[in-house]
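**Q** model the structure of this input:
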Amino acid sequence: MPLVDIQLIEGVFSATQKKEMIEKVTDAMVAIEGEAMRGVTWVRVQEFRSGDWGIGGKGLRTEDVKALRS
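**A** Numbering: from 1, shown residues only. A predicted model of the protein is given here:
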């Protein structure tokens, strides 16, 4: 029974994008392990508040991540 955790900063991805992540990660696991694993593959999306995720000693905010897209 695989368990995959996806950790994100809140407000960066929409509900539709998170749903797509869950579906595609599940599909990837099934491609490796076989269709019988689909029903027991868990994917969790965990979101952290803006500023509660640090890189290089600085809190990363939602706006910082969105700025990387351009």
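**Q** what ranges does this protein have for its strands?
**A** 3-9, 42-48, 53-55, 58-60 (DSSP state E).
**Q** quick one: closest of the ones you listed to M29.
**A** strand 3-9 (6.9 Å; Cβ to Cβ). Where C-beta positions appear, they are placed from N, C-alpha and C, glycine not excepted.
**Q** can I get the strands of the chain in CSV including distance to A36 and mean pLDDT?
**A** Listed next are these as CSV, based on distance: least, Cβ to Cβ, whole Å; pLDDT from 0 to 100:
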stretch, distance to A36, mean pLDDT
strand 3-9, 17, 97
strand 42-48, 15, 97
strand 53-55, 36, 91
strand 58-60, 39, 92
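**Q** what's the closest of these to K19?
**A** Counting by Cβ to Cβ, K19 lies closest to strand 42-48 out of the strands of the chain; the figure is 9.1 Å.
**Q** so what's the gap between the closest one and the chain middle?
**A** Distance, stretch centre to chain centre, for strand 42-48: 6 Å (Cα atoms, centre = their mean, to the nearest Å).
**Q** quick check: which helices or strands does that strand pack against?
**A** Identification of packing neighbours for strand 42-48 by 3 or more Cβ pairs under 8 Å, 6 or more residues apart in numbering; DSSP states H and E yields strand 3-9, helix 15-33.
**Q** okay, angle between the shortest one and helix 15-33 too, please.
**A** By that I understand strand 3-9. In terms of direction (axes from the mean of the first three to the mean of the last three Cα atoms, to 10 degrees), strand 3-9 departs from helix 15-33 by 150 degrees.
**Q** and strand 3-9, what's buried?
**A** Of the residues in strand 3-9, 8-9 count as buried by neighbour count, 16 or more other Cβ atoms under 10 Å.
**Q** also the last one?
**A** Along helix 15-33, the positions that meet the burial threshold by neighbour count (16+ other Cβ under 10 Å) are 18, 21-22, 25-26, 29-30.
**Q** ok, stretch 59-70 next?
**A** Using 16+ other Cβ under 10 Å as the test for burial, stretch 59-70 gives 60-62, 64-65.
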